[in-house]
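Asks: Need a 3D model of the sequence below.
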Amino acid sequence: MSVLVEKPQQAMQVEELKVESKGAFEAPEINAFGQTFRDYNNVESERQKSVEEFYRLNHISQSVDFVKKMREEYSKFNRTEMSIWECCELLNQVVDKSDPDLDEPQIQHLLQSAEAARKDYPNEDWLHLTCLIHDLGKVLCLPSFGELPQWAVVGDTFPVGCAFDESIVHHKYFKDNSDINNPAYKTKNGIYQEGCGLDKVLMSWGHDEYMYLVAKENGTTLPSAALFIIRFHSFYPMHKAGAYTHLMNEEDRKNLEWLKIFNKYDLYSKSKVRIDVDKVKPYYLSLIEKYFPAKLKW
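Replies: Have a look, this model is predicted:
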């Protein structure tokens, strides 16, 4: 069987890829802790130990049944109604325990990402807004959104319903996942067909999937590339290791180019340099008004 996810309407087409700023954002070589990015092997670090425990729980628990249950529950959109900016401010309460590169409140990471993309692509305002909102689904950690454990909110994502690729960080912990012994889920394609398109694939549950569903439900006019970025920005096995590409279709491959561009700003903009929120807020409020309704159902 295949899992069907309705494809979003495309309100606009993004322009051909090109850097338009001479003063382009330059990715640093080290993260906010002075270490290499996405280093999951430094066992001497207490934070690294916490990250590994996070992935142990994540890999044990993210099953087909769990994902279906979460999608059904959170597709009711009955938690609250609020604006995009109100959600950005809520994120000040969240620190991502799965992230080995940053321990700052999330609002700063969102603005760091958005401002870095704005510097390189000044005319692609949809990309600036996508950087701002890509992590808003992390509100799932908060009590008013069910206070889900972080292993069900953050971290790298991957398809369920097919074999777990060995490129997934801390892959060894999948041995205790209930799906591992299900014959229907053990093959490379699993319940999917080769080339079916990622819109037909069930992804592990987390903030990516939730924000993607929220954006679609509330009729955003962001382009399909933006929705692709929101849904798959934590899908590192695909966009960093090249795994699961056999499930992609042509539209996925085109959108992947934008995701790789976005990833530079998502990952490498993490630093201790603070953004002046009051200074940039009017610009982002104008983008929110352009692409979203005033209030969204969450």
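
Asks: now the strands for the chain?
Replies: Taking DSSP state E as the test, the strands found in the chain are 81-82, 296-297.

Asks: closest one to residue 126 among the ones you listed?
Replies: strand 296-297 (17.0 Å; CB to CB). All C-beta atoms are positioned from the backbone trio N, CA, C, and that covers glycine.

Asks: still on that earlier bit, let me know which of the strands of the chain is tucked in deepest.
Replies: Among the strands of the chain, ranked by average contacts under mean count of other CB atoms under 10 Å, first place goes to strand 296-297 (a mean of 18).

Asks: could you say what helices and strands it packs with?
Replies: If you count contacts as 3 or more CB pairs under 8 Å, 6 or more residues apart in numbering; DSSP states H and E, strand 296-297 packs onto strand 81-82, helix 207-217.

Asks: Which of the residues in the longest one are classified as buried?
Replies: So the one you mean is helix 207-217. Across helix 207-217, burial judged by 16 or more other CB atoms under 10 Å covers 207-216.

Asks: again with stretch 71-82
Replies: Neighbour-count burial for stretch 71-82 [16+ other CB under 10 Å]: 71, 74, 79, 82.

Asks: Centre of the chain to it, how far?
Replies: Taking CA atoms, centre = their mean, to the nearest Å, the mean C-alpha location of stretch 71-82 is offset from the chain mean by 18 Å.

Asks: cool, stretch 168-176 as well?
Replies: On CA atoms, centre = their mean, the centre of stretch 168-176 falls 20 Å from the chain's centre.

Asks: For residue 194, which of the helices and strands packed on strand 296-297 is the nearest?
Replies: Per CB to CB, nearest to residue 194 of the helices and strands packed on strand 296-297: helix 207-217, 22.5 Å.

Asks: tell me what the closest one is packed against?
Replies: helix 64-74, helix 224-232, strand 296-297.

Asks: gap between residue 77 and residue 257?
Replies: Shown here: residue 77 relative to residue 257, a distance of 31 Å by CB to CB, to the nearest Å.

Asks: pLDDT below threshold where in the stretch 101-250 of the chain?
Replies: The stretch 101-250 of the chain contains residues with pLDDT under 70 at 101-105.

Asks: try 50
Replies: For the stretch 101-250 of the chain, the stretches with pLDDT under 50 are 101.

Asks: Going along the chain, name the helices of it.
Replies: 106-120, 125-133, 207-217, 224-232, 236-239, 250-268 (DSSP state H, counting those that start in this stretch).

Asks: got the CA positions of the second one in PDB?
Replies: The C-alpha coordinates for helix 125-133 follow below in PDB (Å, rounded to 0.1, in the frame of the first residue of the first chain):
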ATOM      1  CA  ASP A 125      11.500  36.800   0.000                       C
ATOM      2  CA  TRP A 126       9.700  33.400   0.200                       C
ATOM      3  CA  LEU A 127      13.100  31.900   1.100                       C
ATOM      4  CA  HIS A 128      13.600  34.400   3.900                       C
ATOM      5  CA  LEU A 129      10.200  33.600   5.400                       C
ATOM      6  CA  THR A 130      10.800  29.900   5.000                       C
ATOM      7  CA  CYS A 131      14.000  30.200   7.000                       C
ATOM      8  CA  LEU A 132      12.100  32.100   9.700                       C
ATOM      9  CA  ILE A 133       9.200  29.600  10.100                       C
END
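
Asks: residues making contact with that helix?
Replies: Outside of helix 125-133, the residues within contact range by CB atoms under 8 Å, 6 or more residues apart in numbering are 12, 14, 84, 87-88, 110-111, 113-114, 116-118, 121, 211, 215, 222-223, 225-226, 229-230, 258, 261-262, 265-266, 283-284, 287-288, 290-291.

Asks: any idea of the angle it forms with helix 224-232?
Replies: Orientation check (axes from the mean of the first three to the mean of the last three CA atoms, to 10 degrees): helix 125-133 against helix 224-232 gives 20 degrees.

Asks: Can you point out the buried residues in helix 125-133?
Replies: 125-133.

Asks: from the chain's centre, how far out does that helix sit?
Replies: The answer for helix 125-133 is 13 Å, by CA atoms, centre = their mean.
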